[in-house]
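Colleague: no sequence on hand, only this structure:
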């Protein structure tokens, strides 16, 4: 599962199904760019919370715990991809 799929499935601001599929692209691009610098689930959670709060302000009503849940999914996907890449080498 890609980061885009994870974020879109989560739909942090409840924009779907009315919004276009690329609605969260700016946030996803920013998260992807900073994701490699994160060390664990808590760092990813803080990143997600910060990015969506920056872009959507008060409309973003998710809690840090909500972000923890998505951060775990992202971390698991990153770990799977890393393991797959390692096996190919």
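Modeller: Perfect, I can see it now. This one's a predicted model, so the numbers in the text were calculated from it and none came from an experiment.

Colleague: for the helix or strand of the chain with the lowest mean pLDDT, packing partners?
Modeller: With mean pLDDT, DSSP states H and E as the measure, the helix or strand of the chain carrying the lowest mean pLDDT is helix 64-88 (a mean of 87). Contact here means 3 or more Cβ pairs under 8 Å, 6 or more residues apart in numbering; DSSP states H and E; on that basis helix 64-88 packs against helix 3-10, helix 41-56. The way it works is simple: take the backbone N, C-alpha and C, and place the C-beta from them, glycine included.

Colleague: please identify which of these is closest to residue 85.
Modeller: helix 3-10 (15.9 Å; Cβ to Cβ).

Colleague: if you count contacts, what does the closest one end up packed against?
Modeller: Using 3+ Cβ pairs under 8 Å, 6+ apart as the contact criterion, the elements in contact with helix 3-10 are helix 25-35, helix 64-88.

Colleague: which one of the ones you listed lies closest to residue 45?
Modeller: The closest of the helices and strands packed on helix 3-10 to residue 45 is helix 64-88. By Cβ to Cβ, the value is 3.8 Å.

Colleague: angle of the closest one against helix 25-35?
Modeller: Taking axes from the mean of the first three to the mean of the last three Cα atoms, to 10 degrees, one finds that helix 64-88 is oriented at 60 degrees with respect to helix 25-35.
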